[in-house]
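Peer 1: Build me a model from this:
(one chain, ligands or ions: 1)
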Amino acid sequence: MILSSEEQSMLDGEQGRATQKAMQILAALGTIYGAERMIPVSSVQIAGVSYDNLGEAGLAFLAEMADGGGRARVLTTLNPAGMDIENWQSLGISPSFAEKQLWVIEVFTRMSVVSTCTCTPYLAGNTPRFGDHIAWAESSAVCYANSILGARTNREGGPSALAAALTGRTPEYGFHLDEYRKPGLTVDVRASLVGRDDWKATRDFGALGKVIGQKLEATGKKLIPYIRGIESASLEALKSFCASLATYGGAALFHMEGITPEASLMPLPGETISITRAEVDTAIQSLNDASSDEVDFVSLGCPHLSIREIGHLAELLKDKKVTKEFWITTARPTRESADRLGYTRIIEGSGAKFAADTCCVVAPIKGRFKTLATDSAKACYYAYAKNGFKTVYKSFDDVVLEALK
Ligand code: F3S
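Peer 2: Just a heads-up that it's a prediction; the model follows:
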C-alpha cells in the first residue's frame, strides 16, 4: 500500500501508541483486501459497545487505546450500549453490569468519541452526505448509509471502526470503489406493500427484507440487488428494510428504483427474480412462533425509533395503561426531542419505558422474558439467536395493542 507521509508517520509511531496501533490495523486490512491506498473518512460509527458483547477483553483493548493517547479525528458515534446510560435502574439492569458499561462509555469519551449510542446515527447528528467516504460498523446503518444516503462504507468491525476514528482514514477497497457498487441481480417486487404513510410499513418492509435477503443468500454470490416495483417507502420502512436485508442476506448495499440515489446511475442486471405478496406473507408468518397470549415483553425501536414514530406512539398510548414490560428504544437526542415535544410524558404515563442508548438485543436480558412482540424482523432473528425468546411479529400499531392487552 502507498501511504502518505502523514499516514507513514502514524504507522511509525510518531503520533502516539494508539494511533500507531490503529494504523497497523488499517494497513493489515488494506493489505488483505488489496487496497492501494488509504482515503480520508468524514464519519465513523463504532459497534461492539455493549459490555455484554465486549467483555473484559474488549474493555481492556479500549482502555489500552485510550491510555495510548487515542483521540478521534472525525465525528464518531457509538452503536447501542447494553443499557440506558442515564436510566438503567428502571430497566432492571444490575449495578455490576452498569458499572462496567459506564466504564466503557467513559473510555470512549476519553477518546473524543461522541457518546450517542445508536444504530440510527443518521437520525442523531451523524449524517453523511452523498458520496462521502465513511467507516461504519452496525450492519443496518451500513446498509442505510450506502443505499439510502449514497455514502460509501464497508461493514467495519469494532477494532477497524475505532482505528478509522483514531486516524481519520480507511483503506480504499470494496464499497468505496465504483466497481463494487454495481448491482448483480434485478429483483422485481410484484407485491403490493404498505408504503409511505401506513403504520404497517415497518412490518411489510421487514418481511420483504427477509425474503430478498434469503434469496440473495441462496445465490451464494453476494450480489447487490437492484430492486424494482416499490412505489413509495417512508424513512421508517427503509430503515426496517435495511436492518432485515442485512440480517437475512448479509447485504450492505442495494439500489431501489425511484428511491435510492444511485439507482438511476446503475445498469439493470440481466439475471432477474420476482417476489410475490404470498412470499411476503409467508415471511411474516415465519417470524411468528408464539401466540399473543405468550407475550411478556414488548419492544419498538429496532432500528432505533424516529421522532415521527415516537409521536405516533404517544397518540396510541394517550390515556392508556400498558400491562407488560414495554421498551421504547431510541437514540438519546431523539429521546430529548420527545421530551421537548411532550411525548415522553404521555408515553411514560402509560407505564411504557424509554430505553435510550440501548435495545432489546444488546441489553443483558437473557432469561428475563420468554416471548417478544416486535415490528422488527431483525429483532425477531436476534431475540431468538441471542436470548432464546420466541417472537410475535406484528405491525407497529398491533405491537402497541399487545402491550395494552
Ligand atoms: Fe439497532 Fe439493536 Fe436493532 S442495534 S438494528 S435496535 S438489534
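Peer 1: Sticking with the residue in the stretch 201-350 of the chain that the ligand sits nearest to, tell me its helix or strand.
Peer 2: Ranking the residues of the stretch 201-350 of the chain by distance to the ligand (CB to the nearest ligand atom) places C302 first, at 3.3 Å. Yep, even glycine has a C-beta here, placed from its N, CA and C like the rest. Secondary structure assignment for C302, by DSSP states H and E: no helix or strand.
Peer 1: Would you pull up how far the lengthiest helix in the chain lies from the middle of the chain?
Peer 2: When the chain is parsed with DSSP state H, its longest helix is helix 201-219. Put simply, helix 201-219 sits 16 Å off its chain's centre (CA atoms, centre = their mean, to the nearest Å).
Peer 1: now swap in stretch 52-63 and tell me
Peer 2: 20 Å.
Peer 1: could you dump it to CSV, C-alpha only?
Peer 2: What follows is stretch 52-63, C-alpha atoms only, in CSV (Å, rounded to 0.1, in the frame of the first residue of the first chain):
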residue,chain,number,x,y,z
ASP,A,52,-22.5,-7.8,27.2
ASN,A,53,-20.6,-8.3,23.9
LEU,A,54,-17.3,-6.7,24.7
GLY,A,55,-16.5,-8.4,28.0
GLU,A,56,-13.3,-7.8,29.9
ALA,A,57,-11.0,-8.4,26.9
GLY,A,58,-12.8,-5.8,24.8
LEU,A,59,-12.8,-3.3,27.6
ALA,A,60,-9.1,-3.8,28.1
PHE,A,61,-8.4,-3.2,24.4
LEU,A,62,-10.3,0.0,24.5
ALA,A,63,-8.6,1.2,27.7
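Peer 1: Can you list the buried residues in that stretch?
Peer 2: D52, N53, L54, G58, L59, F61, L62 (16 or more other CB atoms under 10 Å).
Peer 1: Give me the secondary structure label for K386.
Peer 2: Judged by DSSP: H, G, I helix; E, B strand; the rest coil, the three-state class of K386 is helix.
Peer 1: The stretch 101-250 of the chain against the ligand: which residues are in contact?
Peer 2: C119, E138, S140, A243 (CB under 6 Å from any ligand atom).
Peer 1: Make sure the last one is indeed in a strand.
Peer 2: Yep, that's A243 we're talking about. No - counting by three-state DSSP, A243 is located in no strand; its state is helix.
Peer 1: the strands in the stretch 101-250 of the chain, which residues?
Peer 2: Taking DSSP state E, counting those that start in this stretch, the strands of the stretch 101-250 of the chain run over residues 135-136, 169-171, 185-190, 225-228.
Peer 1: most packed of those?
Peer 2: strand 135-136 (a mean of 32; mean count of other CB atoms under 10 Å).
Peer 1: Give me the mean pLDDT for that strand.
Peer 2: Strand 135-136 carries an average pLDDT of 98.
Peer 1: neighbours of the residue in the stretch 51-200 of the chain that the ligand sits nearest to, just the number please.
Peer 2: Minimum separation of the stretch 51-200 of the chain from the ligand (CB to the nearest ligand atom) falls at C119, amounting to 3.1 Å. Neighbourhood size, C119 [other CB atoms under 10 Å]: 31.
Peer 1: same check, this time on V74
Peer 2: 18.
Peer 1: Tell me the pLDDT of the residue nearest to it when sequence neighbours are not counted.
Peer 2: The shortest distance from V74 to any residue other than its chain neighbours is 5.0 Å, reached at G168 (CB to CB, 6 or more residues apart in numbering). At G168, the pLDDT value in this model is 98.
Peer 1: I'd assumed R71 was in contact with G168.
Peer 2: No - G168 lies out of contact with R71 (CB atoms under 8 Å); the separation is 10.4 Å.
Peer 1: Compare those two and say which one has the larger neighbour count.
Peer 2: Set G168 next to R71 and count neighbours by other CB under 10 Å: G168 wins out with 22 against 17.
Peer 1: What ranges does the stretch 201-350 of the chain have for its helices?
Peer 2: Counting by DSSP state H, counting those that start in this stretch, the stretch 201-350 of the chain has helices at residues 201-219, 235-249, 277-286, 307-317, 332-341, 343-349.
Peer 1: Need the ones you listed in JSON lines (columns: mean neighbour count and mean pLDDT).
Peer 2: Supplementary listing: the helices of the stretch 201-350 of the chain in JSON lines, determined by neighbours: other CB atoms under 10 Å; pLDDT from 0 to 100:
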{"stretch": "helix 201-219", "mean neighbour count": "24", "mean pLDDT": "97"}
{"stretch": "helix 235-249", "mean neighbour count": "26", "mean pLDDT": "98"}
{"stretch": "helix 277-286", "mean neighbour count": "16", "mean pLDDT": "97"}
{"stretch": "helix 307-317", "mean neighbour count": "19", "mean pLDDT": "98"}
{"stretch": "helix 332-341", "mean neighbour count": "18", "mean pLDDT": "98"}
{"stretch": "helix 343-349", "mean neighbour count": "18", "mean pLDDT": "98"}
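Peer 1: Many thanks, we can stop here.
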